[in-house]
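*Asks:* Using only what follows, build the 3D model:
(chains A and B)
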Amino acid sequence: MILSKTFSVWLFAISTSGLVLPAQAHEYWLDPIDSAIMLGTSAIVDIRNGQRFSGAAFPYDANQYQSITITNSDIREPYSGRLGDYPAIHPEMQTAGLNSIAVDTAPKLLTYDTWQKFNEFLDYHGFENAAQRHLDRKLPKTDITESYIRSAKTLLQVNDDGSRVIYKKAPDPGDDNKALAPTNSLFEMVLLDNPYTEKSTIDAKLLFNGEALTGRQVEMFWKGTQLIRLTEITDSEGVVSFKVLDSGDYMLNAVQLVEPDNSEVHWLSYWASITFER
Amino acid sequence: MSDANLPYLTTATYSVGRTIRLIFWAAFLLLQPSFTQAHEIRPAIVDLNYTSSQVADVEGNLSVVIVLNLESLIAGIGPEHDNTDTAENADDYKQLRSLSQAALLDEFERFQTTLLSSLKITTSDNQTVPLSVSSIDIPPVGDISVPRDSTVTLAGALSNNRESYRWQWSKSFGEAIIRVNSDAASLDYAALLSPGQQSEPIQFTQYTAQSVWTVLKNYIVIGFEHILPKGLDHILFVIGLFLLTYHWRALALQVTTFTLAHSVTLALGAAGILRIPASVVEPLIALSIVFICVENFLSHKLSKWRIAMVFVFGLLHGLGFASVLDEVGLDSNHFFIALLGFNIGVELGQLFVVTACLITIAFWFGKKPYYRTLITQPISVVIALIGLYWFFERTFF
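*Replies:* Take a look at the predicted model:
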């Protein structure tokens, strides 16, 4: 089974008392308590880090983010909270329709202390040539350093009574497009359609530097009656298509690995996730 | 692929490379402002909630709500450990993390004295605010690979709303975000403290320092009000002094003696040096009124005995004023100014009473042959009876 694969990402110098994180921490995602919000009330959203929909939540700390934005059918606005808000994000939702929240983190560092752990990471996310590139670049096989930036989005539906609605067709695709549009992170994932419709597929596109990213693995997690992880590779348009499963929590996740121009770290990684619940 | 396939990585070059890399990393971390902390921060969150409407010392006006990883605190996995696996007490942590709510609660019962002794809220002169555990909320076990957030609520009382307080907890408890929430001020103080770091001084109410003149003026008013209209027993005592004789020299001598005496005990009482319970002082004050008026009935001249009596009674009344001042509260930043102002206010009140007596009684009847028999003696009897009534009331009821 795909999920039984063991894998470890060792965070560089985890050193807080409150913090005893599991060794694995593959995904970084936004976890709304409810993704259907009554107009005029607050969405309550945890920022989580972990794996397979199970992870520790982190309090709001502005120093950890490059930006947090909320996008509705009218406008994209920056969001700021108060240090220690927990759950971290709780904006009042003022506009009906599809809304999105996007978090871009500040860069951080980690080291893979062994060659094996680095390779497990590469295998898990489908990087076939990176290990060879690493050796070709004559980099060491221990204490492999990586700088990483994460981009996480969640898609919320806002309506008069806060009910969960699956539309036959998107009520106003033009409006939806604003919430679905790229936030212009260096690496990001966008959904091509409102996920709260009866469409039978979830189509996502990867963008790196504004360009479609082809041949990259995207993972979809579904947590309903069970937990399932599926992977697809982006096509020539940078698009993947997953079949819609039953009602539950959905997360799409992808990683991009880049060689840095300078030699301060061995690798740069970029992470993108999108969550929704239907 | 194994190390054997990498001929360029000999042991020697490896360790040199490692050292260089370490130096490089240190420099890199220092020189890269765009990078935040190199680790994922999951500090405890401490909300200090101040409610001004609750009476301090009675209900407690401060609640401290802490969201924390209780298991790691109990296991003693501090910031010096970088992971559960490397931590000495990793097994303890894992065992605690898998405990049921009830079992972890038992562990907390044993741990709470350590918790309370490891955190403190202190005043500017290093007094510690006593805190007690008022509740604990432990979630179910859930996924044990994910830290469990328990919530501990502590209660305390901030007695002086003009004081500023600092928060600190033990270094071994790690980082903490502290946030101050007060209904008495629009505060949004929040800070991330490194392990063991003390917060800056925090004021829970918006207090702007008053000028010396404002303090003096305010306490003169307070002092005056505690004679007129609030201090009927003091008024009657002063009227009693007046009723002996309205000759200014005798009157001035009595009032001055009384003032001198009560200033002494007021100062000693306000400074907390002399404390005699109101249950003792108040009946004696009532009795002093009776004595003065009985003497008025028997004598009409100022004797040395009378001066001594006024002095002793003055000491008593000063204690009464001190307890009043205790209730009002003395501005600790301007102790002497406040005390002086209160005293001046009391004097002005007394002078007002004496002047009123001179104008309404002495001016009209002072020279009349019946002044003593029909004016001062009957009034003295009435006041003495009132004093006697108060004495019994304050003693037995």
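
*Asks:* Next one: A:Glu198 from A:Asp176, what distance?
*Replies:* Remark: distance between A:Glu198 and A:Asp176 (Cβ to Cβ, to the nearest Å) = 14 Å. In this view, the C-beta of every residue, glycine as well, is placed from N, C-alpha and C.

*Asks:* who's the residue in the stretch 201-350 of chain B positioned nearest to chain A bridged to?
*Replies:* Among all residues of the stretch 201-350 of chain B, B:Ile202 sits closest to chain A, at 14.3 Å; criterion: Cβ to the nearest Cβ. Taking DSSP bridges, one obtains B:Tyr165 as the residues bridged to B:Ile202.

*Asks:* Relative to A:Leu83, how far out is it?
*Replies:* 14 Å.

*Asks:* Helices along chain B, start to end?
*Replies:* B:11-31, B:70-75, B:90-97, B:101-118, B:212-225, B:232-244, B:248-270, B:278-298, B:304-328, B:335-357, B:363-365, B:377-396 (DSSP state H).

*Asks:* With the stretch 101-250 of chain A instead?
*Replies:* A:115-124, A:130-136, A:173-180 (DSSP state H, counting those that start in this stretch).

*Asks:* Of all those helices, which one comes closest to A:Ile89?
*Replies:* helix A:173-180 (15.6 Å; Cβ to Cβ).

*Asks:* Run a quick neighbour tally on the nearest residue to B:Ser135 once chain neighbours are set aside.
*Replies:* Distance criterion Cβ to Cβ, 6 or more residues apart in numbering or on different chains; nearest residue to B:Ser135, sequence neighbours excluded, is B:Thr153 at 4.5 Å. B:Thr153 sits with 15 neighbouring residues when counted by other Cβ atoms under 10 Å in any protein chain shown.

*Asks:* ok, now the one 4 residues further on?
*Replies:* Taking other Cβ under 10 Å as the neighbour definition, B:Ala157 ends up with a count of 16.

*Asks:* distance of it from B:Ser98?
*Replies:* From B:Ala157 to B:Ser98 the distance is 38 Å (Cβ to Cβ).

*Asks:* what do you get for A:Pro107?
*Replies:* With Cβ to Cβ as the criterion, A:Pro107 and B:Ser98 are 35 Å apart.

*Asks:* Those two: which has the busier surroundings?
*Replies:* A:Pro107 (16 against 12).

*Asks:* For the nearest residue to B:Trp169 once chain neighbours are set aside, give me its contacts.
*Replies:* Among residues not flanking B:Trp169 along the chain, B:Leu119 sits closest, at 3.8 Å (Cβ to Cβ, 6+ apart). With contact taken as Cβ atoms under 8 Å, 6 or more residues apart in numbering or on different chains, B:Leu119 is in contact with B:Leu131, B:Trp167, B:Gln168, B:Trp169, B:Ser170, B:Phe173.

*Asks:* can you put the residues you listed in TSV and add neighbour count, pLDDT and distance to A:Leu230?
*Replies:* Listed next are the contacts of B:Leu119 as TSV, based on neighbours: other Cβ atoms under 10 Å in any protein chain shown; pLDDT from 0 to 100; distance: Cβ to Cβ, whole Å:
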residue	neighbour count	pLDDT	distance to A:Leu230
B:Leu131	19	94	51
B:Trp167	23	93	48
B:Gln168	17	93	50
B:Trp169	25	93	45
B:Ser170	17	92	47
B:Phe173	25	91	42
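
*Asks:* Residues of the stretch 51-200 of chain A that sit close to chain B?
*Replies:* A:54-59, A:61, A:63-64, A:82-84, A:86, A:106-109, A:115, A:131, A:135, A:138, A:140-143, A:145, A:147 (Cβ under 8 Å from any Cβ of the partner chain).
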